[in-house]
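In: Here is my input, please return the structure:
(one chain, ligands or ions: 1)
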Amino acid sequence: MTKQTQQKLVVANWKMHGSLKQNEALLTDFIENLSILNHTQVVVCAPYPYLAQLQSLLQHTNIAWGAQNVAKNEVGAFTGEVSAAMLKDFGASYVIIGHSERATAYCESDENIATKFVQAQKHGITPILCVGETLIEREAGVMGMVVSKQLDTIINTHGATVFAGAVISYEPIWAIGTGLAATPEQAKSMHLFIRNKISNLNADAANHLKILYGGSVNPQNAVQLFVVPNIDGGLIGKCSLNAQVFEAICLAVENSAQ
Ligand code: PEP
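Out: The predicted structure follows:
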């Protein structure tokens, strides 16, 4: 199966970067230069304290916003956590779930990630689920098994239906922040693998699922990566912190959609 959904998606993952002043400058540039996009939805995922700023600056634009994590619980004595309902209060419509930087630095389990995924959906927030293998796993040729297992934790507890309208971001861990992106061939084969896996369980969910690529995307490799079948857009880290560079990536995605 090589279904490619019509509308593309580009997600800026600002990680733990920014300040009120820097964000305002970046967002003002995005608003001015990305209003021309017709086939691409842009989303900015910023640290929690800036959600109010995103809401205030982006609410009447074509750019959506979201967070980089969410609590697995609804409400209660969970010091330091932020619930899906709270994200919704600030107009967030997307949330990144299971980013490898969280999975490794904060010991996030696949079970927690699965709970967060459905918790976001329960509040009308689109989860962006990150999956991907380490360099050792790729060199051992087990990347399909690794990604499959990451997806299975969600499928086994909640079924494949939950992927309808959701986003999966294939992010090989060896490509994140290293300057070494996956080749279009490597990405093509993993994206097809993911689409087929979901399609074999629920064809409709697979048709309504966006699969992003993330890991050292820049304006140069974007041109080759985003024309690959089953790549519905990108999750962009470092290059989303520079307005001109990020906008060039968004334009490459937009052009690939036409
Ligand atoms: C990321 O952290 O999700 C990411 C893709 O980062 P970078 O683009 O910097 O590799």
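In: show me where the stretch 1-150 of the chain has strands.
Out: 8-13, 40-45, 63-67, 94-97, 126-131 (DSSP state E, counting those that start in this stretch).
In: Next, the contact list for the residue of the stretch 101-250 of the chain found nearest the ligand, please.
Out: Across the stretch 101-250 of the chain, the shortest distance to the ligand (Cβ to the nearest ligand atom) belongs to residue 237, at 2.2 Å. (Each C-beta comes from the backbone N, C-alpha and C, glycine too.) Under the criterion of Cβ atoms under 8 Å, 6 or more residues apart in numbering, the contact list for residue 237 reads 13, 15, 176, 177, 214.
In: Among those residues, pick out the one closest to residue 199, please.
Out: Distance ranking of the contacts of residue 237 against residue 199, using Cβ to Cβ, places residue 214 first at 21.6 Å.
In: Distance-wise, check the closest one relative to residue 89.
Out: Residue 214 sits 27 Å away from residue 89, taking Cβ to Cβ, to the nearest Å as the criterion.
In: more crowded one of the two?
Out: When neighbours are counted by other Cβ atoms under 10 Å, residue 214 comes out ahead of the other of residue 214 and residue 89, with 26 against 13.
In: and the residue nearest to that one when sequence neighbours are not counted, how many residues sit next to it?
Out: For residue 214, the nearest residue in space outside its immediate sequence neighbours is residue 235; the separation is 3.2 Å by Cβ to Cβ, 6 or more residues apart in numbering. Other residues near residue 235 number 26, with proximity taken as other Cβ under 10 Å.
In: Just the buried positions in the lowest-mean-pLDDT helix or strand in the chain, please.
Out: Lowest on mean pLDDT, DSSP states H and E among the helices and strands of the chain sits helix 100-105, with a mean of 87. Residues of helix 100-105 classed as buried by neighbour count (16 or more other Cβ atoms under 10 Å): 100, 101, 102, 103.
In: Give me the residues contacting that helix.
Out: 15, 68, 69, 108, 113, 130, 132, 171, 173, 176.
In: Can you tell me, leaving aside adjacent residues, what's nearest to the last one?
Out: Spatially, and ignoring its direct neighbours in sequence, residue 176 is nearest to residue 215 (5.0 Å; Cβ to Cβ, 6+ apart).
In: end-to-end on stretch 196-213?
Out: The first and final residues of stretch 196-213 sit 16 Å from each other (Cα to Cα, to the nearest Å).
In: Also stretch 29-49?
Out: The straight-line separation of the ends of stretch 29-49 (Cα to Cα) is 21 Å.
In: cool, and stretch 32-42?
Out: Distance across stretch 32-42, first residue to last, is 13 Å (Cα to Cα).
In: How about stretch 72-92?
Out: End-to-end distance of stretch 72-92 (Cα to Cα): 16 Å.
In: so where's the protein shaky on pLDDT?
Out: The model of the chain has pLDDT under 70 over residues 1-5.
In: hang on, the earlier thing: of the contacts of residue 237, which ones also sit close to the ligand?
Out: The subset of the contacts of residue 237 within reach of the ligand, counting by Cβ under 6 Å from any ligand atom, consists of 13, 176, 177, 214.
In: burial of the residue nearest to residue 176, as a residue count?
Out: Look at residue 215: counted by other Cβ under 10 Å, it has 27 neighbours.
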